[in-house]
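In: Below are the sequence and a predicted model; questions follow.
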Amino acid sequence: VGLAFPTAFPIKTTGRRETGFTGAVIEIVTRHAPDFMPGTIETRPSREGKYVSLTATVNAVSREQLDALYRELCDHPSVVMVL
């Protein structure tokens, strides 16, 4: 079963807790979903504080848009995992 577009689609990105990580994720997400509102991003630190997970809910308009967004997030050196 495929997704029906457009749809609100949450993307969870986990990375090392370091300066600039959140900004880089917001920049990448906004590049692929220009209507994304950075103030809506949800942040959760890991138990030990070494990592942080960011959940950005985008208004997805196509599978191609999501694939390109996932690819760019996965290619970022600070990103550990994208769900």
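Out: Everything's here; your move.

In: what's the closest residue to Ile11 other than its chain neighbours in contact with, if anything?
Out: Distance criterion CB to CB, 6 or more residues apart in numbering; nearest residue to Ile11, sequence neighbours excluded, is Ala56 at 5.3 Å. Heads up, the C-betas are built off the backbone N, CA and C, glycines and all. Ala56 sits next to Pro10, Ile11, Thr13, Val25, Ile26, Val29, Phe36, Thr40, Ile41 when contact means CB atoms under 8 Å, 6 or more residues apart in numbering.

In: Shouldn't the fourth one be within a helix?
Out: Yes: counting by DSSP: H, G, I helix; E, B strand; the rest coil, one finds Val25 located in a helix.

In: is it true that it touches Thr14?
Out: No: using CB atoms under 8 Å as the test, Val25 is too far from Thr14 to be in contact (10.1 Å).

In: what residues do those two have in common as contacts?
Out: Joint contacts of Val25 and Thr14 (CB under 8 Å, 6+ apart) are Leu54, Val79.

In: higher neighbour count, those two?
Out: The neighbour comparison of Val25 against Thr14 (other CB atoms under 10 Å) goes to Val25, with 24 against 18.

In: contacting residues around that one?
Out: For Val25, the contacting residues are Thr13, Gly15, Ile41, Leu54, Ala56, Leu73, His76, Val79, by CB under 8 Å, 6+ apart.

In: tell me the pLDDT at it?
Out: Looking at Val25, its pLDDT stands at 97.

In: Figure out the length between the terminal residues of stretch 39-59.
Out: Start-to-end span of stretch 39-59 (CA to CA, to the nearest Å) is 15 Å.
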